[in-house]
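S.K.: No letters, just coordinates:
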């Protein structure tokens, strides 16, 4: 078995400070894995029992810290747009070009927005990308209620008054 790489006094002090600065349980446990090794000279088996993790997870955290430093201890958190094609501002500028047409009561065709998006991004994207972008910027689909051009509303009202009920009441 190989001798574990030592953690310097400066790193121990940094770990002690990080214990107080962590905001999530997972971050605290990651720092604690290293602090227990540095301050109490605990092996990965005992550290895993103390933290409530598996031995392999403790070893992974410790080796990543020794290779990459403190950045592996504090996580990014979940959620967010990690894989976006355009920034929010670029999306807004793209949609602003279609805003005038929308304000004048024109019909926006998603296909047109998709073509403009693909020209800006430089690759093909599915329509769902455009719909999600529209939703992200507060645009929603508003369709007028469909009606026939030769609808006679007076005849409809008269029919409602004179027709028999569609179901029997018990």
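M.R.: Noted; the coordinates are in hand. These numbers were taken from a predicted model, which means no experiment stands behind them. Numbering: from 1, shown residues only.

S.K.: count of residues packed around residue 46?
M.R.: Residue 46 has 15 neighbours, counted by other C-beta atoms under 10 Å. Using the backbone N, CA and C atoms, a C-beta is placed for each residue, glycine as well.

S.K.: Show me which positions of the helix or strand containing it end up buried.
M.R.: Residue 46 is located in helix 44-51, with elements delineated by DSSP states H and E. By neighbour count on 16 or more other C-beta atoms under 10 Å, the buried set for helix 44-51 is 44, 47-48, 51.

S.K.: Stretch 98-108 too?
M.R.: Those would be residue 98, for stretch 98-108 by 16+ other C-beta under 10 Å.

S.K.: do stretch 25-41 as well
M.R.: 27-38.

S.K.: so for that stretch, what's the average pLDDT?
M.R.: The average pLDDT within stretch 25-41 is 87.

S.K.: Relative to the whole chain's centre, how far out is that stretch?
M.R.: Put simply, stretch 25-41 sits 29 Å off its chain's centre (C-alpha atoms, centre = their mean, to the nearest Å).

S.K.: Outside of stretch 89-101 itself, list whatever touches it.
M.R.: 86, 108, 112-113, 116-117, 120, 133-134, 136-137, 139 (C-beta atoms under 8 Å, 6 or more residues apart in numbering).
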